[in-house]
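Asks: Predicted model follows, preceded by the sequence.
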Amino acid sequence: MEFINRPAADATIDLVCRMCPMHLMEAAEKMKNLDPGQVLEILTDYDGALEDIPAWCRTSGQDFMGMDSSDDCYRLYVRKGRGMR
Amino acid sequence: MKKTVYMDHAAATPVHPTVLEAMLPFFDREFANPSTVYDMGFNIKKVVETQREKLADLIHADPEELLFTSSGAEANNLAIKGTVFAHFGKKDRIIASAIEHHSVLNSARFFERLGYEVTFLPVDKNGVVDAQLLRKILENDASRVALVSVMHGNAEIGTIEPVEHLASLCHEFGVLFHTDAAATVGNIPVDVQALGADLLTISGPAFGAPKGTGALYFRQGTRLMPLIHGGIQERGRRAGTENVPGIVGLGTAAELAKKRLMERRAYLVQLQKELVEGILQRVPYVLPTGHPTMRLPGHASFCIKAVEGESLIFMLSREGIYVNTGSACASKALKTSPVLVAIGVGAATAQGSAVFTLDVTNTHEDVEYVLEKLPPVVEKLRSISPIWKDRAPMTEGAKK
């Protein structure tokens, strides 16, 4: 699932050190401010996010693009779904 | 005639009547939990966020950069433990000044027990932190330093530290900087943008909010490991249902403080001058402590030689005068104040520490009353002091 190249993000939220359910709540809140097609980058060190974020994308109509990891966190990329608000 | 003169506002301030009035509905009528998903809860959540905006306005921050705590001590703990744990495994050194509040000193010592290297920066005779030494450490070891913590204003000796300079120095080396501003927020203008601190501690009871209130400013992007894990409160950074009445008290006190900051400063500086000059004229062998000019308004601190501080405080309280010896937390420990030791005051002299912290509720008459009552109290204590002989302190020689 890992990217070789990170996609350009239109917005980033850093959730490192914060746990469930903040990765879902903050992502959903931040997504409200983006336009359809824009990309949100989510930084987290919460392992559960690797399942939760793709699942949230499926149920909320967002496009889960994939992930990358750096030395201290995961980076997950979500494109806002067309027609989503 | 005996009156009551309270000059220990560094220890506690009375809750302002406007603050109390604003808080009252949130104990009974407006009691809902802000995390609930029905309108009663939404409304309370809005109230909490409005208070956050008021507090942010006082220190020129973004409301999202503030989280509410139960005290300044908790905010200090979170600033230190939260950032150090956020860098766990990567950075293993902490730097703080030697005159910090115990909530900073002991948080740092906690990490010392875990194997971290902790450095306490010395201060000069006025209590000003040695910035040159800090630079030297950072030049050699910045990559290991998780945090530097130096307080904004010292409640025991009144000195205001050059925080802008220290923060800028830390940023030059990519190191996070925290300042404990418990003694300054609400007392003097504090602008986090100008100060440049990454984290800043606020204490509510220092400026007319109730006890049990405080906050931590953290610059956007600053990672903090929570001290209290749990739910979604404070965006997952501090769990536990919010103390809504306290938060309303803190926000209201912040709003009031902002309106009165400049006027307050001018008044307190004048009152402090009258008190300091009056004491130095009337009582011999008194050593003012702290910086002579870079100091908190309304803060007057001394070491009265050949006098024991606890006895002085007790005798003054019998005259209706309430002041402190050392910080409110440290004075009960009956040991030489680490702050006075750090500024080089001798052990015998340090015993006579007296700290007067004034507020706008104090009057010129209050100062006159203290100036009338203090000299005979000091004289009486010296008459029974084993280190007072021939109208001079034995250990200090006969010269003033």
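Replies: Nice, thanks for sending it over.
Asks: where along chain A do the strands fall?
Replies: A:11-14, A:39-44, A:63-69, A:74-79 (DSSP state E).
Asks: Show me the one of those that comes nearest B:Phe356.
Replies: Between B:Phe356 and the strands of chain A, the tightest spacing by Cβ to Cβ is seen for strand A:11-14, at 45.1 Å. To be clear about C-beta, it is placed using only N, CA and C from the backbone, and glycine gets the same treatment.
Asks: Can you tell me the strand partners of that closest one and which way each runs?
Replies: Using DSSP bridges, the strands paired with strand A:11-14 are strand A:39-44 (parallel).
Asks: can you list the weak-confidence ranges in the chain?
Replies: By default, I'm working from chain A. A:1-4, A:83-85 (pLDDT under 70).
Asks: hm, I was asking about chain B
Replies: In chain B, residues with pLDDT under 70: B:327-334, B:395-400.
Asks: and the closest residue to chain A within it, what does it touch?
Replies: Among residues of chain B, the one nearest chain A by Cβ to the nearest Cβ turns out to be B:Gly236. It sits 3.7 Å away. Listed by Cβ atoms under 8 Å, 6 or more residues apart in numbering or on different chains, the contact partners of B:Gly236 are A:15, A:18-19, A:22, A:25-26, B:226.
Asks: do you know how far A:Glu26 is from chain B?
Replies: Using Cβ to the nearest Cβ, to the nearest Å, A:Glu26 is found at 7 Å from chain B.
Asks: Over to the closest residue to B:Leu261 other than its chain neighbours: give its phi and psi.
Replies: With sequence-adjacent residues excluded and distances taken as Cβ to Cβ, 6 or more residues apart in numbering or on different chains, B:Leu261 is closest to B:Pro189, at 5.4 Å. Dihedral pair for B:Pro189: phi -60, psi 130, per degrees, to the nearest 10.
Asks: likewise B:Thr159?
Replies: Per-residue torsions, B:Thr159: phi -70, psi 140 (degrees, to the nearest 10).
Asks: For it, the count of nearby residues, please.
Replies: By the measure other Cβ atoms under 10 Å in any protein chain shown, the count of residues near B:Thr159 is 30.
Asks: Tell me the residues of chain B that contact chain A?
Replies: B:82, B:85-86, B:90, B:221, B:223-226, B:229, B:232, B:235-237 (Cβ under 8 Å from any Cβ of the partner chain).
Asks: Make TSV out of those and add distance to B:Lys259 and secondary structure.
Replies: Shown next, in TSV, are the residues of chain B next to chain A (distance: Cβ to Cβ, whole Å; DSSP: H, G, I helix; E, B strand; the rest coil):
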residue	distance to B:Lys259	secondary structure
B:Gly82	32	helix
B:Phe85	38	helix
B:Ala86	36	helix
B:Lys90	44	coil
B:Gly221	31	coil
B:Arg223	35	coil
B:Leu224	31	coil
B:Met225	36	coil
B:Pro226	34	coil
B:His229	38	coil
B:Ile232	33	coil
B:Arg235	29	helix
B:Gly236	33	helix
B:Arg237	30	coil
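Asks: For those, which single residue is the most surrounded?
Replies: Neighbour counts for those peak at B:Gly82, which has 26 neighbours (criterion: other Cβ under 10 Å).
Asks: could you measure that one against A:Arg18, distance?
Replies: Using Cβ to Cβ, to the nearest Å, B:Gly82 is found at 11 Å from A:Arg18.
Asks: Between these two, which contacts overlap?
Replies: Joint contacts of B:Gly82 and A:Arg18 (Cβ under 8 Å, 6+ apart) are B:226, B:237.
Asks: Tell me where the stretch 251-400 of chain B has helices.
Replies: Using DSSP state H, counting those that start in this stretch, the helices of the stretch 251-400 of chain B run over B:309-318, B:338-342, B:347-350, B:364-383.
Asks: and of the strands of chain A, who's closest to B:Pro14?
Replies: From the strands of chain A, taking Cβ to Cβ, the stretch that ends up closest is strand A:11-14, at 40.6 Å.
Asks: Distance from that closest one to the middle of the chain?
Replies: Distance, stretch centre to chain centre, for strand A:11-14: 8 Å (Cα atoms, centre = their mean, to the nearest Å).
Asks: Show me what it is in contact with.
Replies: A:26-27, A:30, A:33-34, A:38-43, B:221, B:223.
Asks: By neighbours, which of those residues wins?
Replies: Counting neighbours by other Cβ under 10 Å, A:Ile42 leads the contacts of strand A:11-14 with 26 neighbours.
Asks: Tell me who's in contact with that one.
Replies: A:Ile42 touches A:12-13, A:15, A:23, A:27, A:49, A:53, A:75-78, counting by Cβ under 8 Å, 6+ apart.
Asks: Kindly report the same for B:Ala10.
Replies: Neighbour list for B:Ala10: B:155-156, B:183, B:206, B:299, B:324, B:327-328, B:355, B:357 [criterion: Cβ under 8 Å, 6+ apart].
Asks: Distance of it relative to B:Phe356?
Replies: 9 Å.
Asks: Show me whatever sits in contact with both of those two.
Replies: Jointly contacting B:Ala10 and B:Phe356 under the rule Cβ under 8 Å, 6+ apart are B:His299.
Asks: tally of neighbours for B:Lys136?
Replies: 11.
Asks: nope, B:Glu164 is what I was after
Replies: Neighbours of B:Glu164 under the rule other Cβ under 10 Å: 14.
Asks: which residues does it contact?
Replies: B:Glu164 neighbours (Cβ under 8 Å, 6+ apart): B:194-196.
Asks: Spatially nearest residue to the residue in chain A that chain B sits nearest to (excluding sequence neighbours)?
Replies: Across chain A, the shortest distance to chain B (Cβ to the nearest Cβ) belongs to A:Met22, at 3.7 Å. Nearest residue to A:Met22 in three dimensions, chain neighbours excluded: B:Gly236, at 3.7 Å (Cβ to Cβ, 6+ apart).
Asks: Same question for B:Leu24.
Replies: Using Cβ to Cβ, 6+ apart, the nearest residue to B:Leu24 is B:Pro245, at 7.8 Å.
Asks: show me the contacts for the one you found.
Replies: If a contact means Cβ under 8 Å, 6+ apart, then B:Pro245 has B:23-24, B:26-27, B:210 as its contacts.
Asks: ok, now with 6 Å
Replies: B:Pro245 is in contact with B:23, B:26-27, counting by Cβ atoms under 6 Å, 6 or more residues apart in numbering or on different chains.
Asks: Show me which residues of chain A sit near chain B.
Replies: Near chain B, the residues belonging to chain A are A:16-18, A:22 when assessed by Cβ under 6 Å from any Cβ of the partner chain.
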